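J.: kindly return the folded structure for what I paste below:
(2 chains)
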Amino acid sequence: MAMTADRQDFSAFLRPAEGGGRSLELLVKGARCAACMSKIEGEVRALPAVESARLNLTTGKLTVGFEAGAGDPSLVLERLDGLGYPATLYDPGKAAAARDAEGRKLTLALGVAAFGAGNAMMFSVPIWAGLFGQELGPATRTLMMWMSGVIGAPCAVYAGMPFFESAWRSLRSGRANMDVPISIGVILTLVISFIETVLRGRDAYFDAAVTLLFLLLIGRWLDHRLRASARSAAADLLAMQAPSATLVGEDGVERRIPLSEVAPGDELIVRPGERIPVDAVIAAGVSELDKSMLTGETLPVRVAAGESCQAGAMNLGGVLRLRAAARSEDSAVAAIARLVEAGAQSRSKYVQLADKAAALYVPIIHSAAALTFVGVWALGFGPRVALLRAVAVLIITCPCALGLAVPAVQVTASARLFRRGILVKSGAALERLAEVDHVVLDKTGVLTEGRPQLIDPVPAAIAMAAPLAKASAHPLSRALAAHAGPTLLADNVVETPGQGVEGYIGGRRARLGRAAFVGVAGAPSSETELWFGVEGETKIRFVFADQLRADAAATVAALKARGLTVEILSGDTFSAVARAADAAGVEDWRASLTPADKAALVAERTAQGRKVLMVGDGLNDAAALAGAHAGMAPGAALDASQNAADLVFSGERLGAVVEAIDVSRSARKRALENFSFAALYNLVAAPAAMLGFVNPFVAALAMSGSSLVVTLNALRTGAGRR
Amino acid sequence: MDILMFLAPASVALALVGLGAFWWTLRSGQYEDPVGDASRILVEHERPD
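T.: Below is the predicted model:
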């Protein structure tokens, strides 16, 4: 092979940067401290053609700037690897999407609202003092009201924009969301307050309008932060899997390219341990494919030139040369993607708690305000007093509890889960998870670890085979080598893809691999196995199986203890699923299911009125994940499954499922408590406003007080039980 | 009370300066990497180019 084979061309990952150069984004693992940061930046900057290198410690993203027309990303990757920080490349398209323009807009609106609330309040305090008989002449009071209005009103208009826009959108589609009463309340308050100021009246609510928006924006901002951080963490998880392909150019040079750029007819190379990037036909090479992500089946499948293979399968054996048969979007994933989309649509119809509350709240409050206006006027107080009281009702019943408390609860809950390695993609996901009453588990990769482990290790036998096992990269060999202590490597090792390895141990020829390769005649077995034999001696058999996760049985028991029913739906064989179900303590299970079967069964349970939580990792689970009431996927899952799932958990523990359910239930309880508090508060405040007991001071006090209570309550989420 | 005519606009002007400063921090990306910025002060300055 040519020299170029070692160094791949990654130029497809470069992006044009300002000033004619090009830039590259990488995700760097393990950089945590100031020293790592300066070392990484310094070393990368010292590379040829590198102009700048800046590491963002918060996100772990390294941005490298190259001089115009030069630069080799593979040098950067090599150097980082040499420093001990493995890095993966970001797809340029995805990196650009990560820029958070909406977040900045929201933050600025929050800043403006804070400024407006503080300064309008400053001029309101003298007015409040005047309410209690202090010396404040009518002229000074009007001046104060003008100052408060000049500062408060523009700020309220600017900070209210996110709400006005959302209210307008919702009205145009013929529905009324929570932002409609907020917008009506704020606009009406501003208008009435200006009229009062002009008429030299007593009550102006400029400060109340801005403060209301400030408190609501905090909720909105928290909600945005939650979704943005979950999105970027999810993107990082997927970048770790390096969704890229190795393209062999016509000149024989290998290039790494983003998956989305693979075209049919491209020649690709897939090394052992890598996944098949797109549906393809094998042009050359022999190997074994692990299709467990696609079908749930744990037994590897042998493939040779001329056969076709599907995207997502893992190459276990030799190097494969492929001829791409489809684009990434059109690969076997496509059929599943359509099912995922259908599921996601049904899920988007889910109405969140806050919106449910808003549907109840909006008509009640608006009728109460209208009733106040009509009633007070009818009682002979005149239209001005009637309008002021109606506005007081709108302000005092401010929907802070709905706008602030739910996001606060969800942020607290997802922060708690995040610390335990569980990623929540949205607040709605948390709400749906809390309602779950039936759990469907996939077997391979969820109940089990998803990779083979040696059963019944015999130390003497392992020690004999270890010199050969350590020389091979095959997953079974590695599982075997993991049990062996330090040992010498075998000499003259030759690996035959799809068959096994041969080498010399202590001068004698030995083989490790398939039964036929080692010289055992016909020994079929349902299990994954490896044979070892030194020439002329008895052959030894090693049996492997996909082991249950250590806490699988405990997790199933914990789920049952919480009143949930548990079921296994797997694509693997009958006997394999039966064994796993028995060990985990699950009575309900089905085997040999296709991806469509799984989705259909989940839909069937849903039709029976069950709220299903699907936990799955493979492509065969993606449709079921999207169709279920809530979906969870382990961090090692394929990107299609992670995209379809609401929650992603990293780490080895299946117990994350139980933790997530506990925290989501606790969050739901806190949110409902907050709603009850808000209802109770409005039950007292609304009549008081109708009767005219509310003035701007009382309104300000009540608003901050109620917001504080719901926020403090939200902070209790998930506390107590571990 | 005439002093109010001076003090009130002065206080608002000061607050506007604060708002402007906040806008500047936001624009110049100072909230992008809080962890990194906290660490950077511990690192010796790069050679002036």
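
J.: using the three-state scheme, assign the residue nearest in space to the middle of chain B.
T.: When chain B is reduced to its mean C-alpha position, the nearest residue by CA atoms, centre = their mean turns out to be residue B:21, at 3.8 Å. Here residue B:21 takes the helix state, with states given by DSSP: H, G, I helix; E, B strand; the rest coil.

J.: and for the one 10 residues further on?
T.: Local secondary structure at residue B:31 is given as coil here, using three-state DSSP.

J.: wait, doesn't it sit right on residue B:25?
T.: Yes: assessed by CB atoms under 8 Å, residue B:31 is found in contact with residue B:25 at 7.1 Å. Where you see a C-beta, it was placed from the backbone N, CA and C, and this is true even at glycine.

J.: which residues do the two both contact?
T.: By CB atoms under 8 Å, 6 or more residues apart in numbering or on different chains, residue B:31 and residue B:25 have no common neighbours.

J.: contacts for stretch A:9-25, please.
T.: Residues from elsewhere that reach stretch A:9-25 (CB under 8 Å, 6+ apart): A:51, A:61-68, A:71-74, A:76-77, A:89-92, A:95-96, A:244, A:249, A:253-258, A:261.

J.: where does the stretch 301-450 of chain A have low pLDDT?
T.: Counting by pLDDT under 70, the ranges of the stretch 301-450 of chain A that qualify are A:329-351, A:398-402.

J.: just the helices in it please.
T.: Listed in chain order, the helices of the stretch 301-450 of chain A (DSSP state H, counting those that start in this stretch) span A:333-348, A:353-376, A:383-396, A:400, A:406-419, A:427-434.

J.: for chain B, find the nearest of these.
T.: Proximity to chain B (CB to the nearest CB) singles out helix A:406-419 among these, at 15.3 Å.

J.: quick one: distance of that closest one to the chain centre.
T.: 13 Å (CA atoms, centre = their mean, to the nearest Å).

J.: about what we covered before: dump the helices of the stretch 301-450 of chain A to TSV, plus distance to residue A:216 and mean neighbour count.
T.: What follows is these, written out as TSV (distance: least, CB to CB, whole Å; neighbours: other CB atoms under 10 Å in any protein chain shown):
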stretch	distance to residue A:216	mean neighbour count
helix A:333-348	24	17
helix A:353-376	12	17
helix A:383-396	13	22
helix A:400	7	28
helix A:406-419	10	23
helix A:427-434	15	24
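
J.: now distance to chain B too, for these, in CSV please.
T.: Converted to CSV, these look like this (distance: least, CB to the nearest CB, whole Å):
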stretch, distance to chain B
helix A:333-348, 31
helix A:353-376, 27
helix A:383-396, 24
helix A:400, 23
helix A:406-419, 15
helix A:427-434, 22
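
J.: okay, and the helix or strand of chain A with the least pLDDT?
T.: Every helix and strand of chain A was ranked by mean pLDDT, DSSP states H and E. The lowest is helix A:92-97, at a mean of 54.

J.: buried sites along the following helix or strand past that one?
T.: Next along the chain after helix A:92-97, taking DSSP states H and E as the criterion, comes helix A:101-131. By neighbour count on 16 or more other CB atoms under 10 Å in any protein chain shown, the buried set for helix A:101-131 is A:103, A:106-124, A:126-128, A:130.

J.: for the helices of the stretch 301-450 of chain A, could you give me CSV that also reports distance to residue A:686?
T.: Listed next are the helices of the stretch 301-450 of chain A as CSV, based on distance: least, CB to CB, whole Å:
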stretch, distance to residue A:686
helix A:333-348, 34
helix A:353-376, 6
helix A:383-396, 6
helix A:400, 14
helix A:406-419, 21
helix A:427-434, 27
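
J.: of all those helices, which lies closest to residue A:642?
T.: The minimum distance between residue A:642 and the helices of the stretch 301-450 of chain A falls on helix A:333-348, with 11.3 Å, by CB to CB.

J.: what segments of the stretch 551-700 of chain A are strands?
T.: Along the stretch 551-700 of chain A, counting by DSSP state E, counting those that start in this stretch, strands occupy A:565-569, A:588-590, A:612-615, A:630-634, A:647-649.
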